[in-house]
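Trainee: Fold the following, please.
(2 chains)
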Amino acid sequence: MRLLRKRNLLFLQKMIKEVFMNSIDCALYIENLTVSFDGFKAVDEVNIYVKKGSVHVVIGPNGAGKTTLLDLICGKTKPTAGSIQFDKHELTTMHEQEIVQVGVGRKFQTPSIYPALTVFQNLEVSYPKGRGVWGALSFKRDQAVIDRIHEISEMVYLSDKLQTRGELLSHGQKQWLEIGMLLIADLQMILLDEPVAGMSVHERKQTAELIKIISKNRSVLVIEHDMNFVREIAHRVNVMHQGRVIAEGSMETVERNEKVIEVYLGH
Amino acid sequence: MKIFGDEDRSRILSFTILAVLLLVVFPLVFDIFRLNLVAKYLSLAFAAVGLVVCWGYCGILSLGQGIFWGLGGYCLAAFLKLEAAKSIALEAGTDQIKALTTVGLPDFMDWNQITELPYVWYPFKSFPLTMLCIFLVPTVIAYIIGAAIFKRRISGVYFAIITQAMCWIMEILFVTRQGWTGGINGVTDLRTCLGWDIRTQLAQYLLYFLTAILLLAVIVLCQKVLSSKLGQLMIAIRDMEDRVRFSGYDVSNFKIFAFCFSAVISAIGGAMFVLNVGFMSPKLVTIGPSIYMVIFCALGGRHSLIGAVYGTLIVCFGRTFFSEQYPELWMFIMGGIFVIITVACPKGLAGLIEDYGRQSMAFLRNNLKCNKLRPHGKKKIQART
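Mentor: Below is the predicted model:
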């Protein structure tokens, strides 16, 4: 009897998955993703589907496993079980640089830019050409590269800072520069880990605008704590708690979810 | 774009000053004995320049540059030794006492009862093959070490310790395989290169110029590499390795390249040393000299190719001067310099000059009003630790 039920369940799961895959054009499929560190399950059977051209936000209290989730997607951590698929590539078996090369890039929580290089050079280094040793040696700064750098720097509000060294930028500008570095790399899927942390109200607005623009022709997965910001940008929200997804849907439905209010939003 | 121009101009200026110093001033001021000493120092400067690339720019601290410097030297020494052995055999002719028991073999092989040339010495019979070996042997060894270590993502101090151990392994290997390498004495009594006597005064003059020009050429080559995208990537890897990896680059390949590149440069220096000094010994390639190379680089400024040359000259002249005057004090002075440099100005002499140069340039500009006042002209670039 139990076996039958289990089989039924599996069948149902498979059907749901198929329906999902066919009806909705998804960019990223995360299925049954689990990682355990010495028995502690930081991410526990997580299923997330990110639609193409949408902004998907993951929220949750500290220690919910959000950053670990990004680590798993971009290959920094290898999962114990489960699969992550992007554009028919199984990301869990790939190296970090290969994952970027198929089009998935990530911004870190603390802004990671190259402090000794200028904004221009920061963007140039991220340009998706000359990724091998010999390619980098023979890389030419042609007009296409320069134009692209100017275009991106305008998008991320840094066009007047091109000759400034990275370390001299403000915190918010560093965040933008790192987003710019992802944009210039021509990625189809961008993962942003707390993009507005440490930003002023005005900068947050600008960042929200920026995310709206960049999500037009690519998918964005964001981890964020700022609810107002999430409300503004999110098409779909997942709430994580203790490594599990406890709610999913639009921001309105999630906000009304009792469990979510209890563990995260409430009080 | 203007800042680039300034940087290029100051680089060209300091390069010209160095070239004039090496090619005009030194030959005019020094006698042949001192000039030969300078040539010896300059051949060490190759290793320091290599370290600027791999340590200063790519952040790989190698305490084993002596290995590659030595390999380059040993390769050329082997070729010269075979030539010397041949000429000894010719001179001796049928004279049984003068002639060695095995004709055409290096003397130390004979002393070790080796009667046939070991197969590893075969390439050194031919000059083109020897030249190839000077480049290939260090590259291959550096590639093997680099691939084994960087692919496993070992870096920083662990890498430094491993390279130091490699140095010791190399010394032990070369000392114990006496019949093949000349043991603790090394390869000595080198006479001619392609029939040209390298011990005459004229030869020493010419070799000095050859060394200086090669060093300048290597600096230009390094500058070319460092100003390409590859050079920017090296800086990026040094400061933010993860960001580079998550921008789609295989970081280990770039580190291996930097390490191999600096190994080849060091090897050229080792070969020039053999030509200038006329011998090679395991004492020159072990841990001590390798650490000296790091000190040259740190004193001159590890972000400055040209600074590395000055660093080498200053330390080496200091060593010669002090060890002639106060031999027992030298080690303390050396240690003191290293500590003071790393604590007080981590960018070395080049960093000091750069900072003061920038300030005085800005000062001049503001006072003479020969140029438009630039808002950030006076800003001192912060020393990064």
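Trainee: Setting aside sequence neighbours, what's the nearest residue to the residue of the stretch 251-385 of chain B found nearest chain A?
Mentor: Nearest residue of the stretch 251-385 of chain B to chain A: residue B:257, at 4.6 Å (CB to the nearest CB). Quick note: C-beta positions are derived from backbone N, CA and C, even for glycine. Spatial nearest neighbour of residue B:257, excluding adjacent residues (CB to CB, 6 or more residues apart in numbering or on different chains): residue A:133 at 4.6 Å.
Trainee: Tell me how many other residues crowd residue 74.
Mentor: I went with chain A, as the question did not name one. 23 (other CB atoms under 10 Å in any protein chain shown).
Trainee: nope, chain B please
Mentor: Residue B:74 has 30 nearby residues by other CB under 10 Å.
Trainee: quick one: which helix or strand includes it?
Mentor: helix B:65-92 (DSSP states H and E).
Trainee: elements contacting that helix?
Mentor: helix B:32-51, helix B:127-150, helix B:157-176, strand B:192-193, helix B:251-277, helix B:287-300 (3 or more CB pairs under 8 Å, 6 or more residues apart in numbering or on different chains; DSSP states H and E).
Trainee: same for the third one, what does it pack against?
Mentor: Okay, so that is helix B:157-176. Judged by 3+ CB pairs under 8 Å, 6+ apart, the packing partners of helix B:157-176 are helix B:65-92, helix B:127-150, helix B:178-181, helix B:287-300.
Trainee: Give the next helix or strand downstream of the helix holding residue B:74.
Mentor: Toward the C-terminus, helix B:65-92 is succeeded by helix B:107-111 as the next helix or strand (DSSP H and E).
Trainee: tell me which residues of that following helix are tucked away?
Mentor: B:107-110 (16 or more other CB atoms under 10 Å in any protein chain shown).
Trainee: Mind giving me the packing neighbours of it?
Mentor: Looks like helix B:107-111 contacts helix B:178-181 (3+ CB pairs under 8 Å, 6+ apart).
Trainee: Which residue, other than its chain neighbours, is closest to residue B:290?
Mentor: residue B:66 is the one closest to residue B:290 (CB to CB, 6+ apart), at 3.6 Å.
Trainee: you'd agree residue B:155 is in a strand?
Mentor: No: if the criterion is DSSP: H, G, I helix; E, B strand; the rest coil, then residue B:155 is coil and not within a strand.
Trainee: Give me the phi and psi angles of the nearest residue to it once chain neighbours are set aside.
Mentor: Nearest residue to residue B:155, sequence neighbours excluded (CB to CB, 6+ apart): residue B:60, at 7.2 Å. Taking degrees, to the nearest 10, you get phi -100, psi 110 for the backbone angles of residue B:60.
Trainee: how about residue B:60, what does it touch?
Mentor: Residues in contact with residue B:60 (CB atoms under 8 Å, 6 or more residues apart in numbering or on different chains) are B:54, B:155, B:159, B:255, B:258-259.
Trainee: Find the closest residue to chain A in chain B.
Mentor: For chain B, CB to the nearest CB, closest residue to chain A: residue B:248, 3.5 Å.
Trainee: which element is residue A:192 on?
Mentor: strand A:189-193.
Trainee: Contacts for that strand, please.
Mentor: Contacts for strand A:189-193 (CB under 8 Å, 6+ apart): A:27-28, A:50, A:66-67, A:70, A:73-74, A:86, A:103-109, A:179, A:182-183, A:211, A:214, A:218-224.
Trainee: Residue B:113 against residue B:179, yeah?
Mentor: Yes: shown here, residue B:113 and residue B:179 form a contact pair, counting by CB atoms under 8 Å, at 7.4 Å.
Trainee: more neighbours, these two?
Mentor: Taking other CB under 10 Å, residue B:113 and residue B:179 do not tie; residue B:179 has more neighbours (16 against 9).
Trainee: For the closest residue to the more buried one other than its chain neighbours, give me the pLDDT.
Mentor: Using CB to CB, 6+ apart and skipping residues adjacent in sequence, the residue nearest residue B:179 is residue B:112, 3.5 Å away. Looking at residue B:112, its pLDDT stands at 83.
Trainee: Next up, the contacts around residue 207.
Mentor: All of this is about chain A. A:172, A:175-176, A:179, A:195-196, A:199, A:229.
Trainee: Switch to chain B, please.
Mentor: Counting by CB under 8 Å, 6+ apart, residue B:207 touches B:39, B:198, B:272, B:275-276.
Trainee: same question, residue B:133
Mentor: Contacts of residue B:133 (CB under 8 Å, 6+ apart): B:75, B:123-124.
Trainee: Among these, which one sits closest to residue B:44?
Mentor: Residue B:44 has its nearest neighbour among the contacts of residue B:133 in residue B:75, at 17.3 Å by CB to CB.
Trainee: Stretch B:279-286: end-to-end distance?
Mentor: Chord length of stretch B:279-286, first to last residue, is 15 Å (CA to CA, to the nearest Å).
Trainee: Could you pull up the mean pLDDT of it?
Mentor: The pLDDT scores in stretch B:279-286 average 90.
Trainee: just to revisit the earlier point, in this structure the residue nearest to residue B:290 contacts residue B:287, no?
Mentor: Yes: contact criterion CB under 8 Å: residue B:66 and residue B:287 qualify, at 7.4 Å.
Trainee: near chain A, which residues of chain B?
Mentor: Within chain B, the residues that sit near chain A (CB under 8 Å from any CB of the partner chain) are B:1, B:3, B:225, B:228-230, B:232-233, B:235-236, B:238-240, B:242-251, B:253-254, B:257, B:382, B:384.
Trainee: nearest spatial neighbour of residue B:269, skipping sequence neighbours?
Mentor: Using CB to CB, 6+ apart and skipping residues adjacent in sequence, the residue nearest residue B:269 is residue B:46, 2.5 Å away.
Trainee: just residue A:120 next, same as before
Mentor: residue A:162 (4.4 Å).
Trainee: Residues touching stretch A:210-226, excluding its own?
Mentor: A:27-28, A:50-59, A:66-67, A:69-70, A:73, A:155-157, A:176, A:179, A:183, A:187-197, A:204, A:230, A:233-234.
Trainee: count of neighbours near residue 121?
Mentor: Because you didn't say which chain, this covers chain A. 22.
Trainee: if you could check chain B rather than the one you did, that'd help
Mentor: 19.
Trainee: Likewise for the one 10 residues further on?
Mentor: Residue B:131 sits with 14 neighbouring residues when counted by other CB under 10 Å.
Trainee: how far away is it from residue B:252?
Mentor: Residue B:131 sits 29 Å away from residue B:252, going by CB to CB, to the nearest Å.
Trainee: what do you get for residue B:140?
Mentor: On the measure of CB to CB, residue B:140 and residue B:252 end up 17 Å apart.
Trainee: Residue B:15 contacts residue B:306, correct?
Mentor: Yes: in this structure, residue B:15 is within contact of residue B:306 by CB under 8 Å, at 6.2 Å.
Trainee: who touches both of the two?
Mentor: Joint contacts of residue B:15 and residue B:306 (CB under 8 Å, 6+ apart) are residue B:219.
Trainee: Filter the contacts of stretch A:210-226 down to the buried ones, PyMOL style.
Mentor: Here is the PyMOL selection string for the buried members of the contacts of stretch A:210-226, based on 16+ other CB under 10 Å:
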select buried, chain A and resi 27+28+50+54+55+56+57+58+59+66+67+69+70+73+155+156+157+176+179+183+187+188+189+190+191+192+193+194+195+196+197+204+230+233+234
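Trainee: rewinding a little: which of the buried residues of helix B:107-111 lies closest to residue B:334?
Mentor: Nearest member of these to residue B:334, counting by CB to CB, is residue B:108, at 32.6 Å.
Trainee: The nearest residue to the closest one once chain neighbours are set aside and residue B:107: what is the separation?
Mentor: In space, and not counting its chain neighbours, residue B:108 is closest to residue B:182: 4.4 Å by CB to CB, 6+ apart. Relative to residue B:107, residue B:182 is positioned 9 Å away (criterion: CB to CB).
Trainee: cool, and residue B:71?
Mentor: Distance of residue B:71 to residue B:107, given as CB to CB: 22 Å.
Trainee: near chain B at all, stretch A:59-77?
Mentor: Yes: using CB under 8 Å from any CB, stretch A:59-77 reaches chain B at A:74, A:76.
Trainee: No more questions from me, cheers.
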